[in-house]
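Visitor: Take this sequence and fold it.
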Amino acid sequence: MKKKIVIATLWLVLTIPTLSQAGFTVNSKEFHQVIDQLDMQGHADHELSTCSVKKVYYDEVIDMLNKGQSEEEIIQSYVDEYGQAALRTPGSDFTGILAWVMPIGALIVGITVVTVWVRKLTLKTAKREEEDLVWQSDTDREIFERTMDEERRKFF
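Guide: Residues are numbered from 1 along each chain as shown. Down below sits the predicted model:
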């Protein structure tokens, strides 16, 4: 009987630490290193308790880690499936750099278009102000001035 107790105790002492270290959990350092790089289709900043998409991602990453995949392999599998949009920050290859530069380029082009449009608009109004009205007769001018005065009185 003592022999069985000693063997059972020895077996428990040896297996319990390995059982707790066998699987990755949400609290694992490796898990957080992977999950912090993923955008999760825009759900990365959502609360885990209310976001079903984030729960699916967490479960998938834990399964991949438990199957023995490395951090790079997991990230690469998501990039292969979803493209650069799978990552929170773009990669350092050409498409990643392009993703960083495009918003800045669009902003510069937009500011340039608005500036050119405003300049054209102000030049047109400046040219119109320079042109004086030439009246064919004094009666036309008087009729116009009376009409303008009447319209101003309606609004003021």
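Visitor: When you work out contacts or count neighbours from here on, use the C-alpha atoms and nothing else.
Guide: OK.
Visitor: Helices of the protein, start to end?
Guide: 2-22, 29-35, 52-66, 71-82, 94-130, 138-155 (DSSP state H).
Visitor: which parts of the fifth one are buried?
Guide: Just to be clear, that refers to helix 94-130. Neighbour counts over helix 94-130 (16 or more other Cα atoms under 10 Å) mark A99 as buried.
Visitor: Likewise for the second one?
Guide: By 16+ other Cα under 10 Å, the buried positions in helix 29-35 come out as 30-31, 34-35.
Visitor: same check, this time on stretch 53-67
Guide: Quick answer for stretch 53-67 (16+ other Cα under 10 Å): 54-55, 57-58, 61-62, 64-65.
Visitor: now swap in stretch 63-79 and tell me
Guide: Neighbour-count burial for stretch 63-79 [16+ other Cα under 10 Å]: 64-65, 71, 74-76, 78-79.
Visitor: so which of those comes closest to M1?
Guide: Nearest to M1 out of the buried residues of stretch 63-79 is L65 (Cα to Cα; 41.5 Å).
Visitor: I figured the closest one hits F24, correct?
Guide: Yes: with contact defined as Cα atoms under 8 Å, L65 counts as touching F24 (6.6 Å).
Visitor: circling back: and the buried residues of stretch 63-79, which two are the farthest apart?
Guide: L65 and V79 (16.6 Å).
Visitor: Adding distance to W117 and pLDDT, write the buried residues of stretch 63-79 out as CSV.
Guide: Shown next, in CSV, are the buried residues of stretch 63-79 (distance: Cα to Cα, whole Å; pLDDT from 0 to 100):
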residue, distance to W117, pLDDT
M64, 54, 90
L65, 55, 90
E71, 50, 88
I74, 49, 90
I75, 45, 88
Q76, 45, 88
Y78, 44, 86
V79, 41, 85
